[in-house]
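1. Fold the following, please.
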Amino acid sequence: MVTITGDYAQAAEWRMLLGAIARDPDYPGGYSFLRDVRWSDHPVTPAAVMDVITVVSEFWRPLRAHRAAVLTRPGIDPAALVAHALAEDKQLPLRAFTSYEEAVAWLGGG
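-> Alright, predicted model coming up:
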């Protein structure tokens, strides 16, 4: 599992991050990704999520990603809901969770 924390909010930042992972000779592919935004200082807007999901979908095959989960704070997170909906539209196995244990269990499934 690859865990991503920090305030990656823009598509360009995600493109750089995912590109670096894809080029890393120690990354064999096939991992699940956990995006943990529970402690994020700068939550992203739903509009920014649209751009980020586009980048994620571009890198899905090169990374040979298994599944992805967004771990959010308890309550309604509009950005996570948008990410979940867009991922479904693009047929990406990405889900939003408020429980770390549930997210990790789902990432390990399938």
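
2. List phi and psi for the residue nearest the centre of the chain.
-> Closest residue to the average C-alpha location of the chain: R35 at 4.7 Å, with Cα atoms, centre = their mean. R35 adopts backbone torsions of phi -100, psi 110, taken as degrees, to the nearest 10.

3. Just the pLDDT at it, thanks.
-> The model reports R35 with a pLDDT of 92.

4. for G110, same thing?
-> Listed pLDDT for G110 reads 64.

5. Tell me which other helices or strands the helix or strand bottoming out on mean pLDDT in the chain touches.
-> Every helix and strand in the chain was compared by mean pLDDT, DSSP states H and E; the lowest is helix 78-89, with a mean of 83. Using 3 or more Cβ pairs under 8 Å, 6 or more residues apart in numbering; DSSP states H and E as the contact test, the elements touching helix 78-89 are helix 46-63, strand 68-71, strand 94-97. (C-beta placed from N, C-alpha, C; glycine too.)

6. For A20, find the nearest of the ones you listed.
-> helix 46-63 (10.6 Å; Cβ to Cβ).

7. Contacts only, for Q91.
-> Not one residue lies near Q91 by Cβ atoms under 8 Å, 6 or more residues apart in numbering.

8. returning to what we had before: most tightly packed of the helices and strands packed on helix 78-89?
-> strand 68-71 (a mean of 24; mean count of other Cβ atoms under 10 Å).
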